[in-house]
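Engineer: Predicted model and sequence below, questions to follow.
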Amino acid sequence: MSQEAVRALVLPSVSKALYCLLAASSSQGSESRLTVVVGDLSSSTPSSPSSSTSPAISPSSSPSTAPRALDVVVYAEPLPAAPKWPVQIDIRPGQRDDPELKSSIWVEARRSYKAQKDPESDEVVLVSSDDGRLYEGLSSNFLALIGDPNDRASLSLLTAPPGSVLTGTMLQVVLDAASAMGIKVVREAPLLSGSRGWAGACVCSTTRLLLPIDRIRLVSANGQQDDRFSLPIPLVLRELVDEARHRLPQHAEYVPPPAQE
């Protein structure tokens, strides 16, 4: 299915859920987070990705049936506040079977990883057992900065190549910002073996924006800590955070009001 076909399929439900949330919310003008599930849901009832006791942020769903028996369910909620940076992350073995698809199978597998996450860690980043490279977090993209932070021309920003991870909107914003700052963008998953020599590292996602990392906790496959070390946060990485935030509105897309029924 083409990108335009997917957009046409989900936009009516997205619009209805978003405007229902805005109508029920007391914080008009605040940002929202949408979770969209597409598939044949006739034999199961999807559960919301998070729960709340507040009626103002109760899930808004708009199931619709499209050709090929595809249903669309949308959950809308206020966007959580971004974590304060810098943050700690866990790094442990793991990799998605289908990196370009957020499947329900992956959602279940992710719960297992999160259950073993250190309470002080913001994210779990997966390292491939095959090649020792860091591809992505459970709900984020991962980036490593290499080179001399005092010589911008020497810097490269490494992140996994297209096809090995989902290139989310926030990742593209960060890569565009880095290029504009004169930092070379390299679509290559960084090697864990070189982590102690990185000039910096960060994770990005819609809810996190861009979060510099100052502590890394290495974890074995059984969830036990193997090692822990610190990372620097150079001025150029702080400037990248500001530049990415400045560019984010350029990637916004207008969602029209739902059609009158």
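Structural biologist: Right, received. Where do you want to start?

Engineer: quick one: the helices in the stretch 101-250 of the chain?
Structural biologist: 104-115, 169-180, 235-247 (DSSP state H, counting those that start in this stretch).

Engineer: So which helix or strand of this structure has the lowest pLDDT on average?
Structural biologist: Lowest by mean pLDDT, DSSP states H and E among the helices and strands of the chain is strand 65-66, with a mean of 44.

Engineer: Buried residues, the helix or strand following that one. List them.
Structural biologist: Following strand 65-66 in sequence order, the next helix or strand is strand 70-78 (DSSP states H and E). Within strand 70-78, the residues that qualify as buried are L70, D71, V72, V73, V74, Y75, A76, E77, P78, counting by 16 or more other Cβ atoms under 10 Å. For the C-beta atoms, the positions are set from N, CA and C on the backbone; glycine is no exception.

Engineer: quick one on the thing from earlier: to V255, which of the helices of the stretch 101-250 of the chain lies closest?
Structural biologist: Of all the helices of the stretch 101-250 of the chain, helix 169-180 sits nearest to V255, with 14.1 Å by Cβ to Cβ.

Engineer: picking that back up, between the buried residues of strand 70-78, which is closest to R217?
Structural biologist: E77 (29.1 Å).

Engineer: Determine which stretch of the helices of the stretch 101-250 of the chain is the most buried.
Structural biologist: Comparing the helices of the stretch 101-250 of the chain by mean neighbour count (mean count of other Cβ atoms under 10 Å), helix 169-180 comes out on top with a mean of 19.

Engineer: Could I have the CA atoms of that one written out in CSV?
Structural biologist: Coordinates of each C-alpha in helix 169-180 appear next as CSV, following Å, rounded to 0.1, in the frame of the first residue of the first chain:
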residue,chain,number,x,y,z
THR,A,169,9.8,12.2,11.6
MET,A,170,12.0,13.3,14.5
LEU,A,171,15.0,11.4,13.2
GLN,A,172,14.7,13.2,9.8
VAL,A,173,14.5,16.5,11.6
VAL,A,174,17.7,15.8,13.5
LEU,A,175,19.6,14.6,10.4
ASP,A,176,18.5,17.8,8.5
ALA,A,177,19.6,19.9,11.5
ALA,A,178,23.0,18.2,11.6
SER,A,179,23.6,18.7,7.9
ALA,A,180,22.7,22.4,8.2
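
Engineer: Please name every helix or strand in contact with it.
Structural biologist: For helix 169-180, the packing partners by 3 or more Cβ pairs under 8 Å, 6 or more residues apart in numbering; DSSP states H and E come out as strand 141-146, strand 156-159, strand 184-187, strand 200-205, strand 209-219, helix 235-247.

Engineer: so which of those comes closest to S129?
Structural biologist: Set against S129 and scored by Cβ to Cβ, the helices and strands packed on helix 169-180 come closest in strand 209-219, at 13.1 Å.

Engineer: In the sheet, which strands lie alongside that closest one, parallel or antiparallel?
Structural biologist: The partner list of strand 209-219 in its sheet, established with DSSP bridges, is strand 87-93 (parallel), strand 200-205 (antiparallel), strand 225-230 (antiparallel).

Engineer: Now tabulate the ones you listed in CSV and tack on distance to L134.
Structural biologist: Supplementary listing: the strands paired with strand 209-219 in CSV, determined by distance: least, Cβ to Cβ, whole Å:
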stretch, distance to L134
strand 87-93, 7
strand 200-205, 9
strand 225-230, 14
